[in-house]
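Undergrad: my questions are about this predicted structure, shown below with the sequence.
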Amino acid sequence: MKKRLKPILLILTFLLSAAGHFAGWNTTVQFLLSAIAVIFVAGFLGRATESVAHYAGQRLGGFLNATFGNAAELIIAILLIREGLYDMVKASITGSIIGNLLLVLGLSLFMGGLKFKIQRYNATLASLNGSLMTLSIIALFIPAVFLNTHSITTEGIKMLSLIVAGILIVAYLAWLVFSMITHKEYLADVSDSNDEDALAHEHEPAWSKKRSIVYLVIATVMVAFVSEWLVGVLEPISHQYGLSELFVGAFLVAIIGNAAEHSAAIMLAMKNKIGAAVEIAVGSSLQIALFVAPVLVFISFFLGNTMDIVFTTLELLAIGVAVFIARSITQDGDSNWYEGLLLLAVYIILGVSFFLV
């Protein structure tokens, strides 16, 4: 019965969201229906990706989960760019980074730590992830400083943004080659092989390889539609309830868009696959900072009005704080429930602060 209920709720929420959008229902009702639909669709996307990940292996599986988990954020951001809402795009990028590093990773470490006293993953991989996080901070910090000190013109900052975006994309692609091809064994997960075999038999995928891929495509298409309906009501909702674009983009959009990562990472952590859970949470943040954000800069350029990569002081502070504590907690390769609680505490502090802006 439970297995039948999930697809019924998925289809029902999707259809209700579509009805609200095309029939022009009340803005608040449209927002709530679209938000609920995104969560269900993202959950479906997460399950499909986890099933594909079973056939692809933990590291590649974690990468695929992070990639398809970011589909909602990427589609939402492209639609926001089309509407010219650049401030909300940057806020959503900020929210995605801190949401993955603090909320998704925090919940994964916390829930996994409650079930398993100490969980271990590759410390070398964690250290390299920390270095990449630092690179993302530097790339976002420099354009903001040069613009705010009037060392460069507005046109110059757009050119700098395109150059920085190009460098970050190259750095991210090089990281994929390094981690997936040339140093794959060096960065392998440290999980005990016997535990892995037991878990593999205990948690067989729900679908075949072919069906998993088909469902992955269907889920991505559904995410695209629901994301567009959600974006259509974001601006009216923010005005209606007096919410800043910063809060809407950094927390509402990010929490809704991160639903796939939430479910997949927490489930993996509770199966003692903490390496894959960390790969999803941290890898997703890195993908947003080093690939998605730069790609959005180029998309805006091709649409005729280049979005600069200059973030506000508050956004840079939030990302910097998230990177600092996430790096300090993950660098040793061990995790427990208390470390997860620390990450969640920082997320709540930032959330309350952004709400009061």
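TA: Nice, thanks for sending it over. Numbering: from 1, shown residues only.

Undergrad: CA only for contacts and neighbour counts going forward, please
TA: OK.

Undergrad: for M307, helix, strand, or coil?
TA: The three-state label given to M307 by DSSP: H, G, I helix; E, B strand; the rest coil is coil.

Undergrad: chain center to the lengthiest helix in the chain, what's the gap?
TA: In the chain, assigned by DSSP state H, the helix with the most residues is helix 209-240. Relative to the centre of its chain, helix 209-240 is centred 14 Å away, using CA atoms, centre = their mean, to the nearest Å.

Undergrad: name the next helix or strand downstream of that helix, please.
TA: Downstream of helix 209-240, the first helix or strand assigned by DSSP states H and E is helix 245-247.

Undergrad: quick one: the strands in this structure?
TA: For the chain, applying DSSP state E gives strands covering 119-120, 334-335.

Undergrad: nearest to L286, of those?
TA: Evaluated with CA to CA, the strands of the chain place strand 334-335 nearest to L286, the distance being 19.9 Å.

Undergrad: partner strands of the closest one and their direction?
TA: Note on strand 334-335: by DSSP bridges, its sheet partners are strand 119-120 (antiparallel).

Undergrad: how about residues contacting the partner strand?
TA: By CA atoms under 8 Å, 6 or more residues apart in numbering, the surrounding residues in contact with strand 119-120 are G112, G113, V190, S191, N272, I274, G275, G333, D334, S335, N336.

Undergrad: gap between G333 and I280?
TA: Noted for G333: a distance of 15 Å to I280, by CA to CA, to the nearest Å.

Undergrad: could you do K117 as well?
TA: 21 Å.

Undergrad: with neighbour numbers in mind, choose between those two.
TA: Comparing K117 with I280 by other CA atoms under 10 Å, the one with more neighbours is I280, at 32 against 10.

Undergrad: shouldn't P294 be in contact with A171?
TA: No. Between P294 and A171 there is no contact under CA atoms under 8 Å: 11.2 Å.

Undergrad: who's more crowded, these two?
TA: Using other CA under 10 Å as the criterion, P294 and A171 rank with P294 on top: 24 against 16.

Undergrad: low-confidence ranges in the chain?
TA: Residue ranges of the chain with pLDDT under 70: 1-3, 57-59, 61-62, 65-66, 69, 72, 189-204, 257-261.

Undergrad: do you have the helices of the stretch 151-300 of the chain handy? List them.
TA: 154-177, 193-202, 209-240, 245-247, 254-257, 259-270, 274-287, 293-302 (DSSP state H, counting those that start in this stretch).

Undergrad: and for the residue lying closest to Y55 once chain neighbours are set aside, the neighbour number?
TA: Leaving out its chain neighbours, the residue that sits closest to Y55 by CA to CA, 6 or more residues apart in numbering is K209, at 7.0 Å. Look at K209: counted by other CA under 10 Å, it has 16 neighbours.

Undergrad: in PyMOL, select just the buried ones from the contacts of strand 119-120.
TA: Those of those that count as buried under 16 or more other CA atoms under 10 Å are selected in PyMOL with:
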select buried, resi 112+113+191+272+274+275+333+334+335+336
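
Undergrad: in TSV, list the contacts of strand 119-120 along with distance to A37.
TA: Formatted as TSV, those follow (distance: CA to CA, whole Å):
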residue	distance to A37
G112	27
G113	30
V190	37
S191	35
N272	29
I274	28
G275	29
G333	36
D334	36
S335	33
N336	33
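
Undergrad: so which of the contacts of strand 119-120 is the closest to T134?
TA: Minimum distance to T134 across the contacts of strand 119-120 is 17.9 Å, recorded for G333 (CA to CA).

Undergrad: hang on, the closest one packs against A126?
TA: Yes. Contact status for G333 versus A126: in contact at 6.6 Å, counting by CA under 8 Å.

Undergrad: list the contacts of the spatially closest residue to A165 that is not a sequence neighbour.
TA: With CA to CA, 6+ apart as the measure, P294 is the residue that lies nearest to A165, at 4.2 Å, once sequence neighbours are left out. Applying CA under 8 Å, 6+ apart, we find P294 in contact with L162, V164, A165, G166, L168, I169.

Undergrad: go on, G351?
TA: F247, F251.

Undergrad: now it: how far from A219?
TA: Counting by CA to CA - G351 and A219 are separated by 29 Å.

Undergrad: over to G340?
TA: 30 Å.

Undergrad: restricting to C-alpha, output stretch 132-152 in PDB.
TA: Output in PDB follows, covering the C-alpha atoms of stretch 132-152 (Å, rounded to 0.1, in the frame of the first residue of the first chain):
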ATOM      1  CA  LEU A 132      37.900  23.500  -4.000                       C
ATOM      2  CA  MET A 133      35.500  25.200  -1.600                       C
ATOM      3  CA  THR A 134      38.200  27.700  -0.800                       C
ATOM      4  CA  LEU A 135      38.700  28.300  -4.600                       C
ATOM      5  CA  SER A 136      35.000  29.100  -4.900                       C
ATOM      6  CA  ILE A 137      35.200  31.700  -2.100                       C
ATOM      7  CA  ILE A 138      38.200  33.400  -3.700                       C
ATOM      8  CA  ALA A 139      36.400  33.400  -7.100                       C
ATOM      9  CA  LEU A 140      33.300  35.100  -5.600                       C
ATOM     10  CA  PHE A 141      35.200  37.400  -3.300                       C
ATOM     11  CA  ILE A 142      37.600  39.000  -5.800                       C
ATOM     12  CA  PRO A 143      35.100  40.500  -8.200                       C
ATOM     13  CA  ALA A 144      33.100  42.000  -5.300                       C
ATOM     14  CA  VAL A 145      36.100  43.700  -3.800                       C
ATOM     15  CA  PHE A 146      37.300  45.100  -7.100                       C
ATOM     16  CA  LEU A 147      33.900  46.500  -7.900                       C
ATOM     17  CA  ASN A 148      33.200  47.900  -4.400                       C
ATOM     18  CA  THR A 149      36.600  49.600  -4.200                       C
ATOM     19  CA  HIS A 150      35.900  51.200  -7.600                       C
ATOM     20  CA  SER A 151      39.000  49.600  -9.000                       C
ATOM     21  CA  ILE A 152      37.100  48.500 -12.000                       C
END
